[in-house]
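>>> Return atomic coordinates for the entry below.
(one chain, ligands or ions: 1)
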Amino acid sequence: MKKVLLLAGMLAFAGIAGAQVNIVPRPVSLTETSGTVSLNSNTVVQMNSEKLQPSADFLNDYLEQYYGFMLKKGRATGKFHIQLSLKVDKLPTKGAYSLDVNDARVLIQANSVEGVFYGVQTFIQLLPAEKNAALKIAKVHVKDEPRFAYRGMHLDVCRHFFPVSYLKKYIDYLALHKMNYFHWHLTDDQGWRIEIKKYPKLTEVGGYRNGTIIGHFPGTGNNNKHYGGYYTQEDVKEVVAYAAKRYITVVPEIEMPGHASAAIAAYPELSCFPEESTQAPKGTVWAGDTTGKHVQQTWGVFPDVFAPTEKTFAFLQDVVDEVIPLFPSKYFHVGGDECPKDNWKRSAFCQQLMKEKGLKDEHELQSYFINRMEKYINKKGKTIIGWDEILEGGLAPNAIVMSWRGEEGGIEAAKQKHQVIMTPGSHVYFDHSQVKPDDSLTIGGFTSIRKVYSYEPVPKELSAENAKYVLGAQANLWTEYIPNTNKIEYQVFPRMGALSEVLWSPKASRNWDDFNVRLEKQLQRYKLWGVQTGPVVAEMK
Ligand code: TNX
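Predicted coordinates for the structure are as follows:
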């Protein structure tokens, strides 16, 4: 039995590395038989369930966009056709599918709608990567399923703002890589980006800044340009619905208690010191009024954070009340990172509160803050996610931890039997440079595609039992140095290809040389999509 499996594995390997078939992420098994079939505008796409419409639509949109035609809908009459099929049998994993191409038909089969959608993504990669090429398709048999349940990409829309039309494109890229979570970082010091009807100033005031530093922090000046934007609740619904048709869950992030300058600019009473003016960090040049509270114009971490008052909790609960109905996701990200404790230390109110609640330091005060919000959010049926700082001072009972300062937070949380999502700065920060020296302005760091490819989301320190708490991983795209969508793509590609394989494919099949062969074709696909990618760099350090 073992021998047969091994042989099947080797054949699959040979098939994937062959000239025609180059799938990213690498499927669990793929075998190729000789010969091809052809696709054209007379080919019928047929489904056995209305629920598969989003998969058929995605395929047709792709065909139309890149090859200029759509498939016919309806019943195939014995001719070559594409069959999408939901089949109630117990395939092992959510998202599992099979794809079969032979002379009679293409059959994509799964026991979940997601599975069929992933089968469509693999099928799309059998198409030529050149526009308007003859649509000859290899005959293959694929059996596939994802390794991790959480396969995410993040986008910071606060440091720079991107329109809904682009978010849809970004979501399409995720879908094409079989990713299933979009972490939408909606609030930060440099902009509050989601309409909250009860607090209109959050976006009227908090959505805009008077300028932005020029160049690398602390900058060589300020561009003095009024900058910002926000999403209405209607926009948010549109993005969430678009993602849902691609089986991508959108996770909103509302930052607390730190990274709150924009909210405080709108409502100064949320600060420990409402009368104090916003400070610009040393060496930075400020644009406009220097008195009163302002949205930040530069990058970093700022001391003016939410005061843990009843007023703040009432405010945040109101915000949660408006945000939750917009997002079907069972997760709600509360941030929790980089909250300086300076103001809490100086504040008589905070010190008194700590005494009353028996909190021994400001870390425990942060923990109190997150715990309170968790309770509120749990009551509404949602689970919180927080950056790994939420471990400090004691983890909220049901929280999921996003480990970003290396793997330690993830290891610790898993040992405490909390679920974790790995996003370590060492391997999956797509704001870092992917080439040395930098060929454009980035935040710094060096994370080549090979380094991303080498990433193993389950830390070796975890026992098999604790490893079960690792839901998956995510790459983060912080946009301090990403002012436009071309730069997003330059930073994201080709690294997203490597990440998709880390998250989807079996650990045992991870092989850089094999990936490199398939990457050639993947780079051609990126070109087809009109993406300008960053370079492929094999150095690790
Ligand atoms: C740290 S990762 C941050 C962000 C920055 C990023 C830059 C995290 C939870 N916080 O606020 O944008 O570094 O790489």
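>>> any chance you could map the helices in the stretch 251-400 of the chain?
Secondary structure of the stretch 251-400 of the chain by DSSP state H, counting those that start in this stretch: the helices cover 261-266, 310-323, 342-346, 348-357, 362-379.
>>> Let me know the angle separating the longest one from helix 310-323.
Between helix 362-379 and helix 310-323, the angle formed by their directions is 40 degrees, by axes from the mean of the first three to the mean of the last three C-alpha atoms, to 10 degrees.
>>> Name the residues of the protein found near the ligand, please.
Taking C-beta under 6 Å from any ligand atom as the contact definition, the chain meets the ligand at Asp337, Glu338, Trp387, Trp404, Tyr429, Asp431, Ile443, Trp478, Glu480. Quick note: C-beta positions are derived from backbone N, CA and C, even for glycine.
>>> go with 5 Å
In this structure, the chain approaches the ligand at residues Asp337, Trp387, Trp404, Trp478, judged by C-beta under 5 Å from any ligand atom.
>>> Could you measure from Arg405 over to Arg525?
If you measure Arg405 against Arg525 using C-beta to C-beta, to the nearest Å, the figure is 34 Å.
>>> So which of the residues of the chain next to the ligand belong to strands?
The members of these that map onto strands under DSSP state E are Trp387.
>>> Need the max-distance pair from the residues of the chain next to the ligand.
Trp387 and Trp478 (12.1 Å; C-beta to C-beta).
>>> more neighbours, these two?
Between Trp387 and Trp478, counted using other C-beta atoms under 10 Å, Trp387 has the larger neighbour count: 24 against 21.
>>> Gln366 is in contact with that one, correct?
No - the pair Trp387 / Gln366 is not scored as a contact, 11.4 Å apart, by C-beta atoms under 8 Å.
>>> Residues in contact with both of these two, list them for me.
Both Trp387 and Gln366 are in contact with Gly336, where contact means C-beta atoms under 8 Å, 6 or more residues apart in numbering.
>>> Spit out the contact partners of the nearest residue to Lys245 once chain neighbours are set aside.
The spatially closest residue to Lys245, leaving aside those adjacent along the chain, is Pro54, at 4.3 Å (C-beta to C-beta, 6 or more residues apart in numbering). Shown here is Pro54, whose contacts under the criterion C-beta under 8 Å, 6+ apart are Val113, Phe117, Lys245, Arg246, Tyr247.
>>> next one: Pro274
With contact taken as C-beta under 8 Å, 6+ apart, Pro274 is in contact with Pro268, Lys293.
>>> can you check Pro437 too?
Contacts of Pro437 were listed using C-beta under 8 Å, 6+ apart, and none were found.
>>> Can you check the distance spanned by stretch 104-114, start to finish?
Across stretch 104-114, the straight-line distance between its terminal residues is 24 Å, by C-alpha to C-alpha, to the nearest Å.
>>> The stretch 401-541 of the chain: strands as residue ranges?
Per DSSP state E, counting those that start in this stretch, the stretch 401-541 of the chain carries strands over the ranges 420-422, 470-475.
>>> how about the strands in the stretch 151-300 of the chain?
Under the criterion DSSP E, counting those that start in this stretch, strands of the stretch 151-300 of the chain are mapped to 181-185, 187-188, 191-192, 208-209, 227-228, 249-256.
>>> Residue of the stretch 351-500 of the chain closest to the ligand, please.
With distances taken as C-beta to the nearest ligand atom, the stretch 351-500 of the chain approaches the ligand most closely at Trp478, which sits 3.3 Å away.
>>> Report the beta-bridge partners for the residue of the stretch 1-150 of the chain found nearest the ligand.
Minimum separation of the stretch 1-150 of the chain from the ligand (C-beta to the nearest ligand atom) falls at Tyr150, amounting to 16.7 Å. With DSSP bridges applied, the residues forming beta bridges to Tyr150 are Gly472.
>>> Surely it is in contact with His183?
No - checked against C-beta under 8 Å, the pair Tyr150 and His183 is beyond contact range at 9.9 Å.
>>> Need the nearest residue in space to Arg246, chain neighbours excluded.
If you skip the residues right next to it in sequence, Arg246 has Ala175 as its closest partner in space, 3.9 Å away by C-beta to C-beta, 6+ apart.
>>> Next, count neighbours for that neighbour.
A total of 24 residues lie near Ala175 under the criterion other C-beta under 10 Å.
>>> Identify the residues contacting the residue of the stretch 1-150 of the chain closest to the ligand.
With contact set as C-beta under 8 Å, 6+ apart, Tyr150 has these partners: Asn180, Tyr181, Ile421, Leu471, Gly472, Ala473, Gln474.
>>> is it true that the residue nearest to Lys245 lies in a helix?
Yes - under DSSP: H, G, I helix; E, B strand; the rest coil, Pro54 sits within a helix.
>>> State the distance from it to Glu238.
As defined by C-beta to C-beta, Pro54 lies at a distance of 15 Å from Glu238.
>>> For Tyr150 and His183, list the residues in contact with both.
Common neighbours of Tyr150 and His183, using C-beta under 8 Å, 6+ apart, are Gln474.
>>> Put the alpha carbons of stretch 166-179 into PDB.
Extracted as PDB, the C-alpha positions of stretch 166-179 are listed here (Å, rounded to 0.1, in the frame of the first residue of the first chain):
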ATOM      1  CA  TYR A 166      -9.400  47.800  -6.000                       C
ATOM      2  CA  LEU A 167     -10.400  45.800  -3.000                       C
ATOM      3  CA  LYS A 168     -12.400  43.600  -5.400                       C
ATOM      4  CA  LYS A 169      -9.300  43.100  -7.500                       C
ATOM      5  CA  TYR A 170      -7.400  42.200  -4.400                       C
ATOM      6  CA  ILE A 171     -10.100  39.800  -3.300                       C
ATOM      7  CA  ASP A 172      -9.900  38.200  -6.800                       C
ATOM      8  CA  TYR A 173      -6.200  37.600  -6.300                       C
ATOM      9  CA  LEU A 174      -6.900  35.900  -3.000                       C
ATOM     10  CA  ALA A 175      -9.500  33.700  -4.700                       C
ATOM     11  CA  LEU A 176      -7.100  32.700  -7.500                       C
ATOM     12  CA  HIS A 177      -4.700  31.500  -4.800                       C
ATOM     13  CA  LYS A 178      -7.300  29.500  -2.900                       C
ATOM     14  CA  MET A 179      -7.100  31.900   0.100                       C
END
